[in-house]
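Q: Structure for this input, please:
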Amino acid sequence: MSNTEIAPAEVHSAPGGAAPEVEVLTPRAVPLGGPRAMTVRRTLPQRQRSLVGAWCFVDHYGPDDTAGTGGMDVPPHPHTGLATVSWLFTGEVAHRDSLGTHAVVRPGELNLMTGGHGVAHSEVSTPDTTVLHGVQLWVALPDDARDAPRAFAHHVPTPADLGGATARVFLGELGGTASPVPTATPLLGAELLLERGARLALPVDPTFEHALLVDRGRVALQGRPLAPAELGVVDPGPRTLEITDTGDEPARLVLLGGPPFGEEIVMWWNFVGRSHDEIVEFRAAWEAGSERFGEVEGYVGRDGRRGAAARLPAPVLPHATIRPRGNRR
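A: Alright, predicted model coming up:
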């Protein structure tokens with residue numbers, strides 16, 4: 001998914017500082033563009049926190065009635081220095097990229113695209129999709145992998161019984177279930193379905209930061225209440241996450257984790273780099289139609305545009321570098 005904000009902030013992040021036991025991040029609404037724009041709820045990055053492990057971007061959307069919004073139609077756009085993770089609850093999205101991949105993203109199936117040196121892709125909800133609901137996530141790549149060739153991976157995790165909850169582990173390992181998809185840094189990504197009134201004591205890696213996104217229902221994380229669309233973050237240390245369903249319905253959650261990302265990054269629009277000058281270089285390459293990103297074949301926009309005319313233009317760069325932001329308050 002593209003970051004379609006007209007004036008995206010440049011985020012310079014580095015570890016440091018202290019955070020409460022559970023930091024609760026509330027989302028802000030971001031339209032994906034157009035007069036009937038589908039709106040997403042963005043919980044990362046924020047001023048007080050830019051990363052959870054290597055996870056640097058969390059968009060949560062739906063349930064979205066595509067008859068009213070037109071659904072998702074994100075034209076070809078670029079990425080550098082990151083990997084995108086698509087995970088759906090309802091609906092389908094057609095993915096095309098400059099590797100030549102044409103894949104349909106379906107509920108319960110992981111699609112991971114590695115941008116590395118440069119990639120371009122488009123995302124369009126399928127004609128049969130009436131309700132679109134899911135998350136789009138980005139992972140920052142470490143310095144030794146951020147210039148890697150573009151790549152694409154697909155995986156369908158088998159549901160695992162955690163006792164009071166079902167987990168679909170799409171990245172990393174949880175509850176004795178592991179994903180076979182390799183990542184550049186250790187990561188955890190899983191969908192959790194909690195039964196009504198369930199109390200879960202989930203063993204986790206104490207070296208990881210963890211974030212719990214509430215899609216549906218109400219829960220408590222380490223005793224801290226979380227409402228739908230909120231992201232609860234726990235710093236390294238606990239060996240167990242206490243998750244309790246406190247509402248009157250089963251809860252659906254997305255659990256993310258990873259060790260603190262020890263490198264400074266600059267993130268602007270759809271690029272992850274290490275300096276303002278790199279971002280300027282990436283933007284110029286995209287606007288010039290550089291082979292760095294390749295071409296997305298087969299995309300046709302709702303307005304009929306295709307080919308070079310359909311590419312999403314980059315926003316105007318800020319006149320000055322925005323002041324650095326720490327990863328924590």
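
Q: shaky segments in this protein?
A: Across the chain, the ranges flagged by pLDDT under 70 are 1-20, 33-37, 308, 322-329.

Q: domains of it?
A: Segmentation of the chain into domains, based on automatic domain parsing, reads 27-156+278-289, 158-258.

Q: Closest to the centroid, which residue in this protein?
A: residue 137 (0.8 Å; CA atoms, centre = their mean).

Q: Tell me which residues touch that one, please.
A: Residues counted as contacts of residue 137 (CB atoms under 8 Å, 6 or more residues apart in numbering) are 55, 57-59, 84-87, 189, 256. C-beta: built from backbone N, CA, C; applies to glycine.

Q: which residues in this structure form helices?
A: Applying DSSP state H to the chain gives helices spanning 66-69, 276-287.

Q: in the longest one, what's buried?
A: Of the residues in helix 276-287, those scored as buried under the neighbour-count criterion (16 or more other CB atoms under 10 Å) are 276, 278-279, 281-283, 285-286.

Q: Please apply the same query to stretch 120-140.
A: 120-126, 129, 132-140.

Q: First-to-last residue distance for that stretch?
A: This stretch, stretch 120-140, spans 16 Å end to end (CA to CA, to the nearest Å).

Q: If the nearest residue to residue 211 once chain neighbours are set aside is in a bridge, with which residues?
A: Once flanking residues are discounted, residue 211 sits nearest to residue 52: 4.2 Å by CB to CB, 6 or more residues apart in numbering. When assigned by DSSP bridges, residue 52 has beta-bridge partners residue 55.

Q: List the contacts of residue 52.
A: Listed by CB under 8 Å, 6+ apart, the contact partners of residue 52 are 44, 209-211, 233, 256-258.

Q: if we go to 6 Å?
A: Contact analysis of residue 52 by CB atoms under 6 Å, 6 or more residues apart in numbering lists 209, 211, 233, 256.

Q: now do residue 229
A: Residue 229 makes contact with 27, 41, according to CB under 6 Å, 6+ apart.

Q: hmm, 10 Å instead?
A: The contact partners of residue 229, taken as CB atoms under 10 Å, 6 or more residues apart in numbering, are 25-27, 29, 41, 43, 60, 213-216.

Q: what does residue 314 give?
A: Counted by CB under 10 Å, 6+ apart, residue 314 has contacts 8, 77-78, 268-271, 282-287.

Q: cool, residue 107 as well?
A: Going by CB under 10 Å, 6+ apart, residue 107 touches 87-92, 133-134, 168, 191.

Q: Now a ChimeraX select for only the buried ones of the residues you listed.
A: Of these, the buried ones go into a single ChimeraX selection, burial set by 16+ other CB under 10 Å:
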select :87,88,89,91,92,133,134,168,191
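
Q: Present the contacts of residue 107 as JSON lines; the columns should include distance to residue 198.
A: Output for those, formatted as JSON lines (distance: CB to CB, whole Å):
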{"residue": "87", "distance to residue 198": "21"}
{"residue": "88", "distance to residue 198": "23"}
{"residue": "89", "distance to residue 198": "19"}
{"residue": "90", "distance to residue 198": "22"}
{"residue": "91", "distance to residue 198": "27"}
{"residue": "92", "distance to residue 198": "29"}
{"residue": "133", "distance to residue 198": "22"}
{"residue": "134", "distance to residue 198": "23"}
{"residue": "168", "distance to residue 198": "16"}
{"residue": "191", "distance to residue 198": "15"}
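
Q: follow-up on the earlier one: please convert the contacts of residue 137 to JSON lines, extending it with distance to residue 112.
A: Putting the contacts of residue 137 into JSON lines (distance: CB to CB, whole Å) gives the following:
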{"residue": "55", "distance to residue 112": "13"}
{"residue": "57", "distance to residue 112": "14"}
{"residue": "58", "distance to residue 112": "15"}
{"residue": "59", "distance to residue 112": "15"}
{"residue": "84", "distance to residue 112": "7"}
{"residue": "85", "distance to residue 112": "5"}
{"residue": "86", "distance to residue 112": "8"}
{"residue": "87", "distance to residue 112": "10"}
{"residue": "189", "distance to residue 112": "9"}
{"residue": "256", "distance to residue 112": "14"}
